[in-house]
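Trainee: Fold the following, please.
(2 chains)
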Amino acid sequence: ISTLVLAEHEGGLVKQSSLSAVAAAASINEEKSVTVLLGGSGPSLHKAASHAASCHPLILQVLVAEADILVHPLAETWAELVHLVHKQSGFSHIISSSNSFGKNVLPRAAALLDVSPVTDVIGISEPRLFTRPIYAGNALCTVRYTGADPCIITIRSTSFTLSSSSSEAKSNAAPISQVDLSTFDEGSLPKSRWLNITSQESERPDLANARIVVTGGRALKSAENFKLLEKLAEKLGAAVGATRAAVDAGFVPNDLQVGQTGKIVAPDLYMAFGVSGAIQHLAGMRDSKVIVAVNKDADAPIFQVADYGLVADLFEVIPELLEKLPDKK
Amino acid sequence: MKVLVAVKRVVDYAVKIRVKADKSGVETTNVKMSMNPFCEIALEEALRIRESGAASEVVAVSVGPDQCTDTLRTALAMGADRAVHVYAGATPVLPLSVAKILKALVQVEQPGLLILGKQAIDDDCNQTGQMVAGLLRWPQGTFASKVVLDKAKNVATVDREVDGGIETISLDLPAVITTDLRLNQPRYATLPNIMKAKSKVIKKVTPAELNVEIKSDMETIQVTEPPKRKAGVIVSSVDELIDKLKNEARVL
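Mentor: Have a look, this model is predicted:
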């Protein structure tokens, strides 16, 4: 078994979601057999490579693909890179996180390699036996991959966590080498261009990795009222999430959506305000450790999954919480 | 320009699904089936492109059993010009084989744009669009929330819903686009259009006629219900809630 992890980096560090992919790769077998692939250019790439080299004791090597066209996450370029690296080294598994990068790139790479990928894996019980949710998480499907190498999977980062890197990994960093890109023919790639990304800078923790998430539904009624939720999030050191209805109504941007087609979260504490609990929303948060629901409607389905329910008006509850909750340390 | 749209027949989104007792799958007999919601959005986008004058014809395609023709009738009633049913029998076809079938159809139909839903709400795979783009070596714009076509330059500018916000890319045509929820609001088929759709053509082909071999490199071992969360408690006040979170759940 030799596993390639397609990783992303930001600010000189391997992204949290990619560290989850490393954890998944390391869970496949006990040997030192994990290769991490990073791409891009500049000093932050090399810093991230050092981070990758010492993030887990089972990492065998780090491969760095240095090219300007890999700075942006275009599927055409990255799928070709995965294809090339596999042709050079031959892996039994290729893994990435099931985030918008992995979902975009790995199925394309799988098609280039003529294999079926397994997306959104939440459990690995044998090297080729996986569990994944279907029907918005209302059923769990166990599948066995029976095809040729490589076995390509994307994993839900909430299901695999990397215990903080051991001292063994730190003192024994894996070697870093460059991918030979001499046969990487830019000219033959399908033509796509990356133009820009619009995102809202926020001081709050990232939704997918936050320890506490506070979410608002359509009952918040306006973008203005979401500020109330943001205040609560600040007090708790939490991330803000939203239902599809709240996003569709234009209260908050799309990247805050929690659900089947939005972000999948599994924080220690999930607090839902004015959320009815539609199936597709539950799909995105049902693995949270503790769920709190506040809703005026005592019959709202969210109460069936909540550990603590409070039947009350959120516009009274949130100010009271703001007043009574202790400030985060 | 022609636009090809792939549509999938799935268990209706409003149906509460039941896992079969023998764990072989999800009950689909006597269950309401509909067009996958993301595919409706894909079809709507193709129709709008035709109505804007940027395309001359919209062709809908579905891969699966005989009942797929119902889904294709819906597509024709919404406004597709004609339809192709790739008869693949009752066994589900994996995304890789669907992608190969779509590639073969693209070579026959020569569309300038192939639009698909980003995922089907049954298997939640989110693969087919990316895979057919890879096989065709066409650029891809997945999870699209806005598509602008520039016919003069033969370019599509696509806004994509990604984890960090909205990403904008531009693609040389021909290209593959997969649709996210906020791209558009699909229309309903009107009664006159439903009547008209009855006389539109649905061509039937088999994968063999397209020279595609359906292979399966995946085996479903079992389908089970997810673990149930144990019933929680209803608290009566904010004070009680804070107390429970601090002293019972210990998350504050």
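Trainee: Domain boundaries for chain A, per the record?
Mentor: A:3-188, A:207-324 (automatic domain parsing).
Trainee: Mind checking these for the one nearest to B:Arg48?
Mentor: domain A:207-324 (18.7 Å; Cβ to Cβ). C-beta: built from backbone N, CA, C; applies to glycine.
Trainee: So for the closest one, first residue to last residue, what's the gap.
Mentor: In domain A:207-324, first residue to last residue: 24 Å (Cα to Cα, to the nearest Å).
Trainee: Check stretch A:284-298 too.
Mentor: 22 Å.
Trainee: Repeat that for stretch A:267-287.
Mentor: Stretch A:267-287 has an end-to-end distance of 8 Å (criterion: Cα to Cα).
Trainee: The closest residue to chain A within the stretch 151-252 of chain B: neighbouring residues, count only.
Mentor: Nearest residue of the stretch 151-252 of chain B to chain A, counting by Cβ to the nearest Cβ: B:Asp217, 2.7 Å away. The burial count assigned to B:Asp217 is 16, neighbours taken as other Cβ atoms under 10 Å in any protein chain shown.
Trainee: nearest residue to it other than its sequence neighbours?
Mentor: Once flanking residues are discounted, B:Asp217 sits nearest to A:Gly147: 2.7 Å by Cβ to Cβ, 6 or more residues apart in numbering or on different chains.
Trainee: Let me see the contact set for the one you found.
Mentor: A:115-116, B:217-218 (Cβ atoms under 8 Å, 6 or more residues apart in numbering or on different chains).
Trainee: List, one by one, the residues from the stretch 201-329 of chain A near chain B.
Mentor: Those residues of the stretch 201-329 of chain A that sit near chain B, judged by Cβ under 8 Å from any Cβ of the partner chain, are A:208, A:212, A:236, A:244, A:247-248, A:253-255, A:260-261, A:263, A:268-269, A:279, A:286, A:289-292, A:303-312, A:317, A:320-321, A:324-326.
Trainee: Give the burial count for the closest residue to chain B within the stretch 151-300 of chain A, as a bare number.
Mentor: In the stretch 151-300 of chain A, the residue that lies nearest chain B is A:Ser199 (3.2 Å; Cβ to the nearest Cβ). Using other Cβ under 10 Å, A:Ser199 is surrounded by 14 other residues.
Trainee: mind checking the SS state of the residue nearest to B:Asp217?
Mentor: coil (DSSP: H, G, I helix; E, B strand; the rest coil).
Trainee: For chain B, just list every one of the strands.
Mentor: Taking DSSP state E as the criterion, chain B carries its strands at B:2-6, B:9-11, B:33-35, B:57-64, B:82-87, B:113-117, B:140-150, B:155-162, B:165-172, B:175-179, B:202-205, B:218-224, B:233-235.
Trainee: List the pairing partners of the third one within its sheet, with orientation.
Mentor: Meaning strand B:33-35. strand B:9-11 (antiparallel) (DSSP bridges).
Trainee: quick check, distance from the strand it pairs with to the centre of its chain.
Mentor: 10 Å (Cα atoms, centre = their mean, to the nearest Å).
Trainee: which outside residues touch that strand?
Mentor: By Cβ under 8 Å, 6+ apart, strand B:9-11 touches A:135, B:17, B:26, B:28, B:31-36, B:62, B:64, B:67-68, B:70-71, B:120-122.
Trainee: Need the nearest residue in space to B:Arg137, chain neighbours excluded.
Mentor: A:Pro190 is the one closest to B:Arg137 (Cβ to Cβ, 6+ apart), at 5.4 Å.
Trainee: Quick check: whatever residue of the stretch 1-150 of chain A ends up closest to chain B vs B:Met218, distance?
Mentor: Chain B sits closest to A:Gly147 of the stretch 1-150 of chain A, with a gap of 2.7 Å, by Cβ to the nearest Cβ. Plainly put, A:Gly147 is 7 Å away from B:Met218 if you go by Cβ to Cβ, to the nearest Å.
Trainee: list the residues that contact both of these two?
Mentor: A:Ser116.
Trainee: quick one, helices of the stretch 1-150 of chain A?
Mentor: Using DSSP state H, counting those that start in this stretch, the helices found in the stretch 1-150 of chain A span residues A:16-28, A:43-53, A:75-89, A:100-112.
Trainee: most packed of those helices?
Mentor: helix A:100-112 (a mean of 27; mean count of other Cβ atoms under 10 Å in any protein chain shown).
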